[in-house]
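**Q** sequence first, predicted model second:
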Amino acid sequence: MAVIAAESLELALPDEAATARLAARVAARARAGDVIGLSGGLGAGKTAFARGFIRALPGGAAIGEVPSPTFTLVQVYELDRATVWHVDLYRLTRPEEAWELGLEEAFATAIALIEWPERLGDALPPDRLEVALSAGTGDGARRARIRGFGAWRGRVAGLERDG
C-alpha cells in the first residue's frame with residue numbers, strides 16, 4: 001500500500017507544560033483506530049507527551065499515574081471516549097515481536113500511542129501521526145516535528161496554535 005504524502009509542522013516547546021498542551025491538541029483530533037508514533041532519544045519527552053495526551057481525553061484526568069511502559073511494554077487505558085494503548089517498543093529487537101502484544105487489536109479498535117515506532121519497520125500503518133521529539137534549548141525545552149500521513153494529513157493543520 002502506498003503511503004500518502006505527509007503534512008508536516010515543526011514546533012518549539014519551551015517546557016513540559018507546552019508538550020502537554022500539544023498532546024492535548026492532538027488528543028482532541030484523535031479517534032479510535034489512530035496510530036500516533038512518538039520518536040526521539042531517551043529522555044526526549046515521549047512519555048511526557050503520552051501522559052499529556054491520556055490526561056486530556058475525557059476520563060483521563062481521573063487516572064493517577066501514567067507510567068512509561070518500558071518494562072510492561074503496554075499500558076491500556078479504558079477512557080470515556082476511547083481505549084488508549086500506550087506501547088513502548090524500545091526493548092524489542094524484531095518487528096515481529098510487536099504482534100505478540102496484540103497490536104492488531106489496538107490498530108483496529110483503539111488509539112495506539114507508540115514509543116519507538118521505528119521498531120515496527122514496514123509494519124507501521126500508512127495512516128498515522130508521527131511526533132518526533134528532541135531536546136531544545138533550556139530546561140525542559142523540546143522541539144517537535146509532526147508529520148501526518150494518510151488520514152492524519154488533514155488533521156495536522158492547527159496543531160501549532162497553543163491555546
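**A** Looks like it arrived, so ask away.
**Q** CA atoms of the helix-or-strand element of the chain with minimal mean pLDDT as CSV?
**A** The element with the least model confidence among the helices and strands of the chain, by mean pLDDT, DSSP states H and E, is helix 96-99, at a mean of 78. Provided in CSV are the C-alpha atoms of helix 96-99 (Å, rounded to 0.1, in the frame of the first residue of the first chain):
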residue,chain,number,x,y,z
GLU,A,96,7.5,-9.5,14.6
GLU,A,97,7.8,-9.3,18.4
ALA,A,98,5.3,-6.4,18.4
TRP,A,99,2.5,-8.6,17.1
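**Q** hmm, who's touching that helix?
**A** Contact with helix 96-99 is made by 87, 89, 92, 119-120, 123, as judged by Cβ atoms under 8 Å, 6 or more residues apart in numbering. C-betas here are computed from N, CA, C, even on glycine.
**Q** pLDDT on the helix ranked longest in the chain, on average?
**A** Identified as the longest helix of the chain according to DSSP state H is helix 16-29. Per-residue pLDDT values over helix 16-29 give a mean of 94.
**Q** helices or strands up against that helix?
**A** The contact analysis (3 or more Cβ pairs under 8 Å, 6 or more residues apart in numbering; DSSP states H and E) places helix 16-29 against strand 7-13, helix 46-56, strand 128-135, strand 142-149.
**Q** neighbouring strands - and their directions - for the helix or strand just after the longest one?
**A** Sequence order places strand 74-78 as the next helix or strand after helix 46-56, per DSSP states H and E. Sheet neighbours of strand 74-78, with direction, are listed as strand 83-88 (antiparallel) (DSSP bridges).
**Q** pull out the buried positions in the longest helix of the chain.
**A** Neighbour-count burial for helix 16-29, counted by 16 or more other Cβ atoms under 10 Å, picks out 16, 18-23, 25-27, 29.
**Q** could I get the helices and strands packed on helix 16-29 as CSV with mean pLDDT?
**A** CSV is the format used below for the helices and strands packed on helix 16-29 (pLDDT from 0 to 100):
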stretch, mean pLDDT
strand 7-13, 89
helix 46-56, 92
strand 128-135, 94
strand 142-149, 93
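**Q** residue 138 - how many residues pack around it?
**A** Using other Cβ atoms under 10 Å as the criterion, residue 138 is surrounded by 10 other residues.
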